[in-house]
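Student: Sequence and predicted structure, then a few things I'm wondering about:
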Amino acid sequence: MSTYHELLHWYPDRKFGEAILDSALDAYAIYEMLEHYDVSAIIDLNPRRSKKFTYNEMNINLDGVPVCPIGRKMFDWGVDRKRRRKWQCPNPCSTTTYGRTFYTSTKDNPRLFPRVKRNSKEWYKRYSLRTGVERCIKCQKIDYHLEDSRGRSSRHWSIRAYSIGMCFRFKTFWIVGSELAF
Ligand SMILES: [Zn+2]
């Protein structure tokens, strides 16, 4: 959380629209803070923290899908004008001829009902960005020996990080260049 505040401090004129984080940061306070700053949270649920969720007396599975009392997963009807997601049970289980309907909204519980539906196609698309960044960081830390560095000053780290960045650039340039040549 303090990292996010520091980020805002250093880049006051930037608008952050999305935070793609590891499930280690799956904590209610984080979602609330991001929602407060109008940031879409893409964070996997940490199943070790809680296996089952309930919201307005309805069971919610790990994908954020309400499960009707008769055990049926509810069908997603999309988001309405009030930014609520409408769900309907595929079984005619309520007193009406239709199945029970249920509404969820990010505002009420940003952890269970993030703006982008958890484990949807869009969700995985966003999350794969993170995997790409992580691969890049791993490459800097291990392949380019950033982790082995014994520097103490931030200047030292900056120089190393910049040099690695330049190496990356050359590498990409070289690979793309050679692909174009053949
Ligand atoms: Zn039902």
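Tutor: Arrived safely, thanks for sending.
Student: what about the helices in this structure?
Tutor: Taking DSSP state H to define them, one finds helices in the chain at 2-10, 28-36, 121-138, 154-181.
Student: dump the residue contacts of the spatially most central residue of the chain.
Tutor: Taking CA atoms, centre = their mean as the criterion, I42 is the residue nearest the geometric centre of the chain, at 1.5 Å. Shown in contact with I42 (CB atoms under 8 Å, 6 or more residues apart in numbering): E18, A19, I20, L21, P114, V116, W123, R126, Y127, R130. All C-beta spots, glycine's among them, are computed from the backbone N, C-alpha and C.
Student: Give me the buried subset of these.
Tutor: Among those, the ones that count as buried by 16 or more other CB atoms under 10 Å are A19, I20, L21, P114, V116, W123, Y127.
Student: Can you give the domain ranges for this structure?
Tutor: If you go by automatic domain parsing, the domain ranges for the chain are 2-123, 124-181.
Student: before we move on, the earlier item: got the contacts of I42 as TSV, with distance to K86 columns?
Tutor: Output for the contacts of I42, formatted as TSV (distance: CB to CB, whole Å):
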residue	distance to K86
E18	24
A19	26
I20	26
L21	28
P114	17
V116	17
W123	19
R126	23
Y127	25
R130	29
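Student: among these, which two are most distant?
Tutor: Spatially, the most separated pair among the contacts of I42 is P114 and R130, at 14.3 Å (CB to CB).
Student: If we go by neighbour counts, what in the helix or strand of the chain with the lowest mean pLDDT is buried?
Tutor: Ranked by mean pLDDT, DSSP states H and E, the helix or strand of the chain with the weakest confidence is helix 154-181, at a mean of 80. Neighbour counts over helix 154-181 (16+ other CB under 10 Å) mark R160, I164 as buried.
Student: and what of stretch 58-65?
Tutor: M58, I60, G64, V65.
Student: Run the chain-centre distance for it.
Tutor: Stretch 58-65 sits 17 Å away from the centroid of its parent chain (CA atoms, centre = their mean, to the nearest Å).
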